[in-house]
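Participant: A structural model of the following input is requested.
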Amino acid sequence: MKAFAPSKSSSFHHMNRHILHSSSSSNSNNNNNINNKDSAQSFMAQAQQVKLEAKAMELELTMDQINKLEQKMKFAQRNNEAASVAVEDLERDMKLLELKLEAIENGEKVPAVSNGNVSNNNGNINGNKMEDGQGPATSSVTTSALSEDRLESAILSFRQLPPYMRRRLAEIVGLYDGDALTNVDPDDDPFVAAQVVLALYENRVELASGSPFEEQRKKRVQIQVQKPSMDGSGRPQLIEVNSTDELLSYLNEIESEMNSDESRRERFISSMYPEATRKGEFEPSEEQALEFMESVLSTKTFSPKSKPEKIPGGYLIRGTNVMSSNEKMISSVQEQLDNNSNLSDKIQFHYLRDPYPGEEEPVEFEDIWGEPVMLVLAKDVSPERNQFVATLTTLISLACIGIFSVEAFSATPDVMSHLQASYDSGDSDLSWLTPRVIPIFFYFLATQLAHEIGHQLFALKGKFKTCAPTFIPSPTLPLLTAVTKIRTPPKSYRDLFDFALAGPLSGFFVSIGLLLFGLVQTNTIDAASYDLLPTLPVDLIKASSLGGNIIDALTSNQVLGSMAAKDLPLHPAAIAGFCGMIINALCLLPIGQSDGGRIATAVFGRNGIVLAQAFTYFAVFGAAIFGYDEANILGLYALFSVFAQRELEVPCVNEIDDLDLGRSFLAIFGSVVVALTLIPIK
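Facilitator: This next block holds a predicted model:
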């Protein structure tokens, strides 16, 4: 390269000559009115030539520096007294100059190297701090313990790092500020990579102490964090974190809070009662709880032994019932509350087991799930309900019932041939099909009407209010279920049990009656009418052991027999009755706020329902996973319950008195009905 590079004097002579030539040419062109386009092209050519000559001069200067360094290295190697460190310094300087030479040849932007030190366009990096004070960017190339091999290896390793890591390291040593380059991007220039490596090496002690990262660590971050509510209201609090130190402190605080006994206690209590019992600003205040304890309770009814204790949604008051029965005490306290104009329309009370009894030994065996306490809640514990969504869901469900009724004829040959003939002839009149579809629709609605009437009769008897039912659609059955939420607390577990069992049991008995009636009609109609009957898939019939065996017994083994067809013709009443059996049995599964969950709560209490619910989920999802739910009925219902019915029911006024023996036997009967109906035929 040195052979063709021009000398310094020659280079400057050519530069001066071209500058003078450019000036004289420009004047001549102006005087002689030469074409502007020709003049511009001439200037561009001249500028390019000057640029090339300047580059050649830079190459020559760099080659001169390399030659001088080579001579110094040879002298140092011949001199036995020369320190090996000096040789390493010269070799490193040589390497940097070679990198610079490579950059010049590639036409890249090149930082200056002077007297063995690296500098950039903004200032030298020649000490422990940059001239503008922006960090510990020291990268003197005369560092004394980094060999050439180690330097080359470090540069290679640096350039193999991901881009964001290279830029972050360059930012730490002051060679890259993120938005505008202090020098040259370390992703583009190998010489800058060497600068970064050397700066990191020379500041290794300071870097190891962590001080260069201190300003970055304390940099203002201005973020908002949603702090989970620790009072059980479910409403997160927005807090502002101004630095990473504050963020770390906040996270440590949250961790300690979540692991504290008080936090675990609040989370457990929140899981025992639905969110409707926690309504923020409507929750009772401490003053109201104290007034209730001092003005409503007394030593003749319920004698308090401690001040009100705050829990999510309300207050607990511990004490003792001094009356002969729980019902008399509750009736007397309710009378006193109704006479208190300050509290009667703001709060209500519940007599129940301590939701978090702690580690104290129970005095009586019956108190193993917690001693009786008073729970003070807001007057309104009705669940939040979007009326528009509920109405829309019910309308969609009614449409699904209609679609199911029409699809029941999809495997009826005579009906399908009639439809095909009407389509071929362009006849759009399907009034002949309507009388066949309507019976299925209304027979099925009869099973759901019986279900809801059963609920409402016992709600009226127990003097508590409910929401209107919301039908939930299903891809397999006419409906998946009907959700009827409770708005005001039942008086006792007995009222809750009666309400919960009356609905599914009424619907189930009506469904059984329709199934038997429909099967009798199926067996007695004439052949022409039989050919026009709707059908039910045999695979769906096998989803219920009870329903499937009843149908098989009354249809001459057309379900389980070896000659069983894919679809079985049945009277519309039989189809509606069979589907009604399955849907009402699903409602009796002990899950959350379903009818079965309410029954399990009344039988086992709030602690027992948790175990019953866990067992149910395990059994249902296990059946779905291992192929015992081919119709996908159980899995779909359980999935719906996880998202829509997972909470427990609102507390009753009296949750201390247990169910009587007769209701316990009814609960066992209901469990048997559920098992027989929902266990499939394999």
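Participant: I'd like the distance between the residue lying closest to Asp495 once chain neighbours are set aside and Glu152.
Facilitator: Residue nearest to Asp495 in three dimensions, not counting chain neighbours: Gly462, with 3.5 Å by C-beta to C-beta, 6 or more residues apart in numbering. Backbone N, C-alpha and C define where each C-beta goes, glycine included. Distance, Gly462 to Glu152, using C-beta to C-beta, to the nearest Å: 87 Å.
Participant: give me the more crowded residue out of the two.
Facilitator: Gly462 (19 against 14; other C-beta atoms under 10 Å).
Participant: first-to-last residue distance for stretch 622-637?
Facilitator: 13 Å (C-alpha to C-alpha, to the nearest Å).
Participant: and the contacts of it?
Facilitator: Under the contact criterion C-beta atoms under 8 Å, 6 or more residues apart in numbering, stretch 622-637 has outside partners 474-477, 480-481, 539-540, 542-543, 582, 586, 589, 620-621, 638, 678, 680, 682.
Participant: which helix or which strand is home to Met374?
Facilitator: Taking DSSP states H and E as the criterion, Met374 maps to strand 372-378.
Participant: next SSE after that strand?
Facilitator: In N-to-C order, the element after strand 372-378 by DSSP H and E is helix 387-407.
Participant: distance of the residue nearest to Ser410 when sequence neighbours are not counted from Ile401?
Facilitator: Nearest non-adjacent residue to Ser410, counting by C-beta to C-beta, 6+ apart: Met416, 7.0 Å away. As judged by C-beta to C-beta, Met416 and Ile401 stand 21 Å apart.
Participant: looking at those two, which is more packed in?
Facilitator: More crowded of Met416 and Ile401, by other C-beta under 10 Å: Ile401, with 22 against 12.
Participant: can you tell me how far the more buried one is from Glu327?
Facilitator: For Ile401, the distance to Glu327 - C-beta to C-beta - is 43 Å.
Participant: also Arg166?
Facilitator: Taking C-beta to C-beta, one finds Arg166 at 78 Å from Glu327.
Participant: more neighbours, these two?
Facilitator: Using other C-beta under 10 Å, the more surrounded residue of Arg166 and Glu327 is Arg166, with 20 against 16.
Participant: and Leu156, how many neighbours does it have?
Facilitator: 12.
Participant: any regions of the stretch 1-150 of the chain where pLDDT drops low?
Facilitator: For the stretch 1-150 of the chain, applying pLDDT under 70 flags the ranges 1-146, 148.
Participant: what segments of this protein are strands?
Facilitator: Secondary structure of the chain, counting by DSSP state E: strands at 112-114, 117-119, 220-227, 237-243, 302-304, 309-311, 314-321, 347-353, 372-378, 470-472, 481-483, 535-537, 567-569.
Participant: picking up where we left off before, ok, the residue nearest to Asp495 touching Tyr493?
Facilitator: No. Checked against C-beta atoms under 8 Å, the pair Gly462 and Tyr493 is beyond contact range at 11.0 Å.
Participant: burial measure for the closest residue to Gly370 other than its chain neighbours, as a count.
Facilitator: For Gly370, ignoring the flanking residues on the chain, the nearest one in space by C-beta to C-beta, 6+ apart is Asp354 at 3.3 Å. Residues near Asp354, counting by other C-beta under 10 Å, number 18.
Participant: next, Asp354: phi, psi?
Facilitator: phi -60, psi 120 (degrees, to the nearest 10).
Participant: report pLDDT for it.
Facilitator: As predicted, Asp354 sits at a pLDDT of 88.
Participant: from Glu287, how far off is Leu151?
Facilitator: Counting by C-beta to C-beta, the gap from Leu151 to Glu287 is 75 Å.
Participant: contacting residues around the nearest residue to Ile599 once chain neighbours are set aside?
Facilitator: Nearest non-adjacent residue to Ile599, counting by C-beta to C-beta, 6+ apart: Ala500, 4.8 Å away. For Ala500, the contact set (C-beta under 8 Å, 6+ apart) comprises 595-596, 598-599, 602.
Participant: out of those, which comes closest to Leu430?
Facilitator: Asp595 (38.1 Å; C-beta to C-beta).
Participant: tell me who's in contact with that closest one.
Facilitator: 500-501, 503-504, 587-588.
Participant: with Ile583 instead?
Facilitator: 447-448, 477-481, 507.
Participant: 6 Å - rerun?
Facilitator: Contacts here follow C-beta atoms under 6 Å, 6 or more residues apart in numbering; on that basis Ile583 touches Leu479.
Participant: list the buried residues for stretch 323-336?
Facilitator: 326-327, 329-330, 332-334, 336 (16 or more other C-beta atoms under 10 Å).
Participant: what is the burial count for Ser410?
Facilitator: When neighbours are defined as other C-beta under 10 Å, Ser410 has 13 of them.
Participant: make that Glu647, sorry
Facilitator: Using other C-beta under 10 Å, Glu647 has 17 neighbouring residues.
Participant: correct me if wrong: it contacts Pro274.
Facilitator: Yes. Counting by C-beta atoms under 6 Å, Glu647 touches Pro274, with 4.1 Å between them.
Participant: where in the protein is pLDDT low?
Facilitator: 1-146, 148, 164, 176-191, 205-248, 250-251, 254-262, 357-369, 562-564.
Participant: repeat that with 80
Facilitator: Filtered on pLDDT under 80, the chain yields the residue ranges 1-197, 199-268, 356-370, 427-429, 560-565, 682.
Participant: right, and Thr320 touches Pro304 too?
Facilitator: No. Using C-beta under 6 Å, Thr320 makes no contact with Pro304, being 8.6 Å away.
Participant: between the two, who's got more neighbours?
Facilitator: Neighbour totals were compared for Thr320 and Pro304, and Pro304 leads with 18 against 11 (other C-beta under 10 Å).
Participant: once you drop chain neighbours, what's closest to that one?
Facilitator: Going by C-beta to C-beta, 6+ apart, Pro304 has Gly319 as its nearest residue, at 4.1 Å.
Participant: contacting residues for the one you found?
Facilitator: Here Gly319 is in contact with 302-305 (C-beta under 6 Å, 6+ apart).
Participant: any idea how far it lies from Leu151?
Facilitator: Gly319 is 80 Å from Leu151, by C-beta to C-beta.
Participant: what does Leu611 give?
Facilitator: 68 Å.
Participant: could you do Ala527 as well?
Facilitator: Ala527 is 99 Å from Leu151, by C-beta to C-beta.
Participant: again, but for Ser556
Facilitator: Distance, Ser556 to Leu151, by C-beta to C-beta: 94 Å.
Participant: which residues sit in contact with Leu570?
Facilitator: Contacts of Leu570 (C-beta under 6 Å, 6+ apart): 522, 536.
Participant: what about 7 Å?
Facilitator: By C-beta atoms under 7 Å, 6 or more residues apart in numbering, Leu570 lies in contact with 518, 522, 533-536.
Participant: what do you get for Ile656?
Facilitator: Here Ile656 is in contact with 326, 351-352, 372 (C-beta under 7 Å, 6+ apart).
Participant: switch the cut-off to 8 Å
Facilitator: Going by C-beta under 8 Å, 6+ apart, Ile656 touches 326, 351-353, 372.
Participant: just to revisit the earlier point, the more surrounded of Leu611 and Leu151?
Facilitator: Leu151 (21 against 12).
Participant: hang on, the more buried one packs against Ala193?
Facilitator: No. Contact criterion C-beta under 8 Å: Leu151 and Ala193 do not qualify, at 10.7 Å.
Participant: counting neighbours, what do you get for the residue lying closest to Ser295 once chain neighbours are set aside?
Facilitator: Nearest residue to Ser295, sequence neighbours excluded (C-beta to C-beta, 6+ apart): Asn340, at 6.0 Å. For Asn340, the count of nearby residues is 15 (other C-beta under 10 Å).
Participant: if I pick Asn340, what's in contact with it?
Facilitator: Asn340 neighbours (C-beta under 8 Å, 6+ apart): 291, 295-296.
Participant: next: Thr484.
Facilitator: Thr484 sits in contact with 452, 455, 466-470, 503, where contact means C-beta under 8 Å, 6+ apart.
Participant: tell me the most packed of those residues, by neighbour count.
Facilitator: Most surrounded of those: other C-beta under 10 Å gives Gly503, at 28 neighbours.
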